[in-house]
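Undergrad: build me a model from this:
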Amino acid sequence: MLPLDDSGAIGQPSFIKRYDIIATVFNIIQGAWIQICQKSEINNLCDEDTIAGALHNEMWAEKERRGIYGPPRIENEAATRRSDKSLKPDGFIDFKMVYSCNSLEDYFGIECKRVSSTEPDRNLATDYIKKGVMRFVDGTYSIGHDYAAMLGFVIDGKVTECVNLICERLNKYKNDISLKEDWTEEKTFVATQNIYRTRHIQYGQNDLMTILHLFLIIS
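TA: Below is the predicted model:
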């Protein structure tokens with residue numbers, strides 16, 4: 001994947017920086033989430049696909065409200081491939097935030113999972129790791145990318161407790177997910193709350209992948 005901040009990248013305007021595109025994506029998500037929380041049909045009983053689908057629609061609306069008519073292009077349930085020679089998708093990621101029309105691999109990948117610190121849904125934290133983080137680490141999603149993100153839909157309203165539970169699961173499976181840097185609060189995107197990061201070695205790759213974790217409360 002060509003890095004966003006490489007002014008020599010073919011077809012990439014030099015003023016688009018990695019920080020800018022990721023910050024823009026998170027700002028769009030948070031603006032859209034304010035609208036979603038006002039929708040009576042979206043609640044803590046909704047499944048992941050329904051919530052992510054509502055977020056997809058509202059992100060497009062938020063882009064329009066902000067007058068953003070260029071990248072990112074928002075794709076929901078988009079196919080991913082470990083190789084450009086693959087004839088069938090290896091997986092379907094919740095969101096591809098596409099920032100180039102020149103390469104299929106120029107996107108910021110985001111996977112969504114419902115999370116809860118309360119019984120009977122505490123097992124969702126394991127799914128967050130094994131069916132979310134792991135799919136980035138094993139290359140099903142965002143192969144060769146240096147940045148990706150997880151969105152945690154907090155269905156019990158307890159962000160701190162959910163964060164602590166995710167940390168516990170990360171440590172439990174740290175060898176499986178090639179965890180190379182402990183969970184830490186992300187300070188780069190200062191306008192964004194409840195965002196953290198972990199760093200991993202993706203299977204078959206040499207460089208670290210940073211996974212950003214953003215938690216959104218369903219209210």
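Undergrad: so which elements touch the helix or strand where Glu111 lies?
TA: Per DSSP states H and E: Glu111 is located in strand 107-115. Judged by 3 or more C-beta pairs under 8 Å, 6 or more residues apart in numbering; DSSP states H and E, strand 107-115 is in contact with helix 18-36, helix 48-65, strand 91-98, helix 124-128, helix 134-137, strand 147-154, helix 159-172. (Each C-beta comes from the backbone N, C-alpha and C, glycine too.)
Undergrad: kindly export it (C-alpha atoms) in PDB.
TA: C-alpha atoms of strand 107-115 as PDB (Å, rounded to 0.1, in the frame of the first residue of the first chain):
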ATOM      1  CA  TYR A 107      -7.700   2.200   1.900                       C
ATOM      2  CA  PHE A 108      -8.000   2.500   5.700                       C
ATOM      3  CA  GLY A 109      -9.600  -0.700   6.900                       C
ATOM      4  CA  ILE A 110     -12.100  -0.700   9.800                       C
ATOM      5  CA  GLU A 111     -13.700  -3.800  11.500                       C
ATOM      6  CA  CYS A 112     -16.600  -3.500  13.900                       C
ATOM      7  CA  LYS A 113     -17.600  -5.600  16.900                       C
ATOM      8  CA  ARG A 114     -20.200  -5.300  19.600                       C
ATOM      9  CA  VAL A 115     -18.600  -5.300  23.100                       C
END
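Undergrad: state the distance from the closest residue to Val25 other than its chain neighbours to Arg169.
TA: Sequence neighbours aside, Met97 is the residue nearest to Val25 in space, at 5.1 Å (criterion: C-beta to C-beta, 6 or more residues apart in numbering). According to C-beta to C-beta, to the nearest Å, Met97 and Arg169 sit 26 Å apart.
Undergrad: okay, now the unreliable bits of the protein?
TA: Along the chain, the model assigns pLDDT under 70 to residues 1-18, 101-104, 190-192.
Undergrad: quick one, phi psi at Leu84?
TA: Small correction: residue 84 is Asp, not Leu. The phi/psi pair for Asp84 (degrees, to the nearest 10) reads phi -70, psi 0.
Undergrad: neighbouring contacts of the helix or strand containing Met209?
TA: Assigned by DSSP H and E, Met209 belongs to strand 208-217. Strand 208-217 is contacted by residues 22, 26, 29, 33, 37, 115, 133, 136-137, 142, 145-154, 157, 159, 162-163, 166, 180-181, 186, 189, 192, 194-202 when judged by C-beta atoms under 8 Å, 6 or more residues apart in numbering.
Undergrad: in PyMOL, how would I select just the buried ones from these?
TA: Buried members of the contacts of strand 208-217, defined by 16 or more other C-beta atoms under 10 Å, are picked up in PyMOL with:
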select buried, resi 22+26+29+33+115+133+136+137+142+145+146+147+148+149+150+151+152+153+154+159+162+163+166+186+189+192+194+195+196+197+198+199+200+202
